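Participant: Sequence first, then the predicted structure, then my questions.
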Amino acid sequence: MASSDEPLLDLEVTGIAHGGVAVARHEGRVVFVADAIPGERVRARVRDDRHDRFWRADTVDVLDASPDRRRHPWPEAGLERDPAVRAGGAEFGHIRPARQRALKAQVLAEAMQRFAGLELDVPVGAVSASAADAGAPADPDEPAEGWRTRVRLHVDAEGRVGPYAARSHDVVPVASVPLAVLELQEIAALDRRFEGAAEIDLIAPSAGEAELVVRPAGERRGGAARRGRRAASTRDAARPHIVERVGDRLFRLDRDGFWQVHRGAATTLSRAVREHLDPARFDPDADNLDLYGGVGLLAAAVGDRFGGDARITTVEADRRASEHAAGNLADRPSAQAVAARVDRYLDRLDRGGRTLAGASVVLDPPRSGAGRAVVDRLAALGPAQIVYVACDPVALARDVGLFREHGYGLEAVDAYDLFPDTHHLEAVARLTAIVG
Ligand SMILES: C[S@@+](CC[C@H](N)C(=O)[O-])C[C@H]1O[C@@H](n2cnc3c(N)ncnc32)[C@H](O)[C@@H]1O
């Protein structure tokens, strides 16, 4: 590992890589450079020179700035700070929002080309996080900050709170959290000392008060989820819950359970799933599935699109989330919630001699994607269409490539900027069986 005595490199920055780092070359070797923009010339300090083929470096000075460079909206994450103490989690904040989205679109296009063999040009749409019209397409010039309804901060040995530094687990005390929605900025208590605590969670549900939750050192997070499918204990039943509103519908979930983070995300993704499901291929009586269903957000969207009688089963590994899904979908007699791992659920269908012929499947896996084990099983069951909701462009592209091996084609894809000031993006794609 390089130290701050390491010589500095002057680099021509030529590209962008997955993960939010720019790409340059030095003496034939690729250098991944943090806090730079393609087209710039920067001075960078090498942080990691252990690999033969690539090094990692951090920008310390900009020699020729891009017109898309701006002052970082989070002072503790900006170039003025030494890279070792720059706040993490806002690695695109130094870039104007329109260029952030263009770079994300480029990463998606390159991933689709490389891993799925497809030439695509998909713009990444801005999404409003304002309390009044969250989820509406946003004015591209609207400030991108103020979108996070969940923020996790860490506590250092002296009780001070902050995010981890970029690329380390060192806590960086901060005076502001500009990516958070205003309610959370107001309660963040960043000047308080939290001795004995490990983490602070800031949570702003759409139907209820914003909360600051202190997690003592040694507390096990997500205990219920880890206990798997054991019978619900009295302690589980008493776990704090919150309520989220999407349109006219309310969703109940554990306070530490999964929910989309951007204030406009649940609306955006519900709408995207409704729009991407091809009505000509949708059979309300088929064994329609919402895989990786959480507390039933997207199963509800399917019901809203095709009516309460449309059959749908939401499958989720976290037993508590699945119990909430059953409650959240209780007004839909044709919807059911199953607590199971997706791969095991698909195996059970197969062993039972069932197929998914004529069925529509919503697939919303974690960041690592569905992967070969799930894609192979799902494709073998032969659904009519799959609407894939993805928060990682490379995992999506890899899985699209796998589906194509099984005769599924990519019919449509849209992308949304649900993580401004970071390198992340959300994409929704429709895959259908190619006939003939
Ligand atoms: C990206 S979230 C999507 C949740 C939901 N669709 C939503 O939009 O709110 C992924 C979900 O997959 C669940 N999960 C992770 N691995 C799983 C697996 N192998 N089988 C089933 N569910 C899993 C997680 O608990 C989480 O709720």
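Facilitator: Here it is on my side, so go on. Numbers count the residues shown, from 1 in each chain.

Participant: Looking at residue 220 now. What's its pLDDT?
Facilitator: Residue 220 is assigned 55 on the pLDDT scale.

Participant: and what of residue 228?
Facilitator: 42.

Participant: With residue 135 instead?
Facilitator: 83.

Participant: and it, how many neighbours does it have?
Facilitator: Neighbours of residue 135 under the rule other CB atoms under 10 Å: 23. All C-beta spots, glycine's among them, are computed from the backbone N, C-alpha and C.

Participant: list the contacts for whatever residue of the stretch 251-400 of the chain ends up closest to the ligand?
Facilitator: The nearest approach of the stretch 251-400 of the chain to the ligand comes at residue 294, 2.9 Å away (CB to the nearest ligand atom). Counting by CB atoms under 8 Å, 6 or more residues apart in numbering, residue 294 touches 253, 257-259, 316, 318, 321, 325, 364.

Participant: tell me, which of those make contact with the ligand?
Facilitator: 258, 316, 318, 321, 364 (CB under 6 Å from any ligand atom).

Participant: Give me the neighbour count for the first one.
Facilitator: Counted by other CB under 10 Å, the residues lying close to residue 258 total 18.

Participant: got the contact list for it?
Facilitator: Applying CB under 8 Å, 6+ apart, one finds that residue 258 lies in contact with 294-295, 318, 321.

Participant: Which pair of these spans the longest distance?
Facilitator: Distance extremes for those: the farthest pair is 295 and 318 at 9.1 Å, using CB to CB.

Participant: which neighbours do the two share?
Facilitator: Common neighbours of residue 295 and residue 318 (CB under 8 Å, 6+ apart) are 257-258.

Participant: ok, the nearest residue to residue 65 once chain neighbours are set aside - contacts?
Facilitator: If the residues on either side of it in the chain are set aside, residue 65 comes closest to residue 40, at 6.1 Å by CB to CB, 6 or more residues apart in numbering. By CB under 8 Å, 6+ apart, residue 40 lies in contact with 13, 22, 62-66, 69.

Participant: Repeat that for residue 124.
Facilitator: Neighbours of residue 124 in contact, by CB under 8 Å, 6+ apart: 101-102, 104-105, 108, 415-417, 425.

Participant: Would you quantify the distance from it to residue 276?
Facilitator: According to CB to CB, to the nearest Å, residue 124 and residue 276 sit 16 Å apart.

Participant: Next: residue 164.
Facilitator: From residue 164 across to residue 276, the span is 35 Å (CB to CB).

Participant: neighbour count winner among the two?
Facilitator: The neighbour comparison of residue 164 against residue 276 (other CB under 10 Å) goes to residue 276, with 23 against 16.

Participant: Next up, phi/psi of the more buried one, please.
Facilitator: The phi and psi values for residue 276, taken as degrees, to the nearest 10, are phi -80, psi -20.

Participant: residues in contact with stretch 7-27?
Facilitator: By CB under 8 Å, 6+ apart, stretch 7-27 touches 30-34, 36-46, 55-57, 60, 63, 91-92, 103, 106-107, 111, 393-394, 422-423.

Participant: so of these, which ones are in strands?
Facilitator: Judged by DSSP state E, the contacts of stretch 7-27 include 30-34, 41-46, 55-57, 60, 63 as members of strands.

Participant: ok, of these, which come out buried?
Facilitator: 30-34, 41-42, 44-46, 55-57, 60 (16 or more other CB atoms under 10 Å).

Participant: near the ligand too, which of the residues you listed?
Facilitator: Okay, of those, nothing touches the ligand (CB under 6 Å from any ligand atom).

Participant: In this protein, which helix is the longest?
Facilitator: helix 97-116 (DSSP state H).

Participant: Secondary structure class of residue 269, three-state.
Facilitator: helix (DSSP: H, G, I helix; E, B strand; the rest coil).

Participant: quick one: the nearest residue to residue 267 once chain neighbours are set aside and residue 367, what's the gap?
Facilitator: Nearest non-adjacent residue to residue 267, counting by CB to CB, 6+ apart: residue 135, 2.9 Å away. To residue 367, residue 135 is 22 Å away according to CB to CB.
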